[in-house]
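Colleague: fold the following for me, if possible:
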Amino acid sequence: MSRWKQKRSVMRRYDLTAQMYDQRYCEEQEAKYKAALEGLTITQSSVLLDVGCGTGLFFSHVADKAEAVVGVDVSRGLLLQAKQRVRGYGNVFVVQADADHLPFKQGFFSFVFAFTVLQNMPKPVETLKEIKQVASREASVVVTGLKRAVDLAVLGEWLEHAGLLAVSLRDDDALQCHVVVAVQA
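Modeller: Residues are numbered from 1 along each chain as shown. Purely as a prediction, here's the structure:
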């Protein structure tokens, strides 16, 4: 299957399930968010990017701490849900975009989060390289890999090939994902 066909398939799947996404995944996502934020210091000058933001569940965890939060997703259906969620925030923005072609200035974000995105991408290393491009040199890049889809060793190889160095890992039995915080190598 071509890269674009694979992405369209993922996009259609999420468009079709957008209305039930929160009900289906909220608890699982909340556990990942909590694990990912442990040990990170988000300040009022931080600018965050949430790649594959889905319905925007993550926004409530960071919007009051950061200067700005930008969520991107390829699924229009999920973004419509996210748009409803951000109404109360003046510093949260949603953009429809492909994670492999992020429409942002190089080195712009202080934190980049990609929850449960990589296993949906045709070339995860290329996605990580794109994420690295928009992250500032000092940025923390937080990625998760669904355990049933991505072996921890493979996730480590992806990070290494993208020029990212893992500095912390959460791999609790309670989590369905490996949660890795990385920095530029």
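Colleague: which of the residues in the biggest strand by length in the chain are buried?
Modeller: In the chain, with assignment by DSSP state E, the single longest strand is strand 135-146. The neighbour-count check on strand 135-146 (16 or more other CB atoms under 10 Å) flags 135, 139-146 as buried. For every residue, glycine as well, the C-beta is placed using N, CA and C.
Colleague: and for stretch 146-159?
Modeller: For stretch 146-159, burial by neighbour count (16+ other CB under 10 Å) applies to 146-147, 150, 155-156, 158-159.
Colleague: out of these, list just those in helices.
Modeller: 155-156, 158-159 (DSSP state H).
Colleague: rebuild these as TSV, extending it with pLDDT.
Modeller: As requested, these are exported to TSV (pLDDT from 0 to 100):
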residue	pLDDT
Leu155	96
Gly156	96
Trp158	97
Leu159	97
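Colleague: may I have the longest strand of the chain as PDB, with CA atoms only?
Modeller: Extracted in PDB, the C-alpha atoms of strand 135-146 (Å, rounded to 0.1, in the frame of the first residue of the first chain):
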ATOM      1  CA  ALA A 135      11.300  21.300  17.900                       C
ATOM      2  CA  SER A 136      13.700  23.800  19.300                       C
ATOM      3  CA  ARG A 137      17.200  22.500  20.100                       C
ATOM      4  CA  GLU A 138      16.400  22.300  23.800                       C
ATOM      5  CA  ALA A 139      12.900  20.800  23.300                       C
ATOM      6  CA  SER A 140      11.600  17.700  24.900                       C
ATOM      7  CA  VAL A 141      10.000  15.400  22.400                       C
ATOM      8  CA  VAL A 142       7.500  12.900  24.000                       C
ATOM      9  CA  VAL A 143       6.400  10.000  21.900                       C
ATOM     10  CA  THR A 144       4.400   6.900  22.700                       C
ATOM     11  CA  GLY A 145       4.300   3.500  20.900                       C
ATOM     12  CA  LEU A 146       1.400   1.200  21.400                       C
END
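Colleague: having no further points to raise, I will conclude here.
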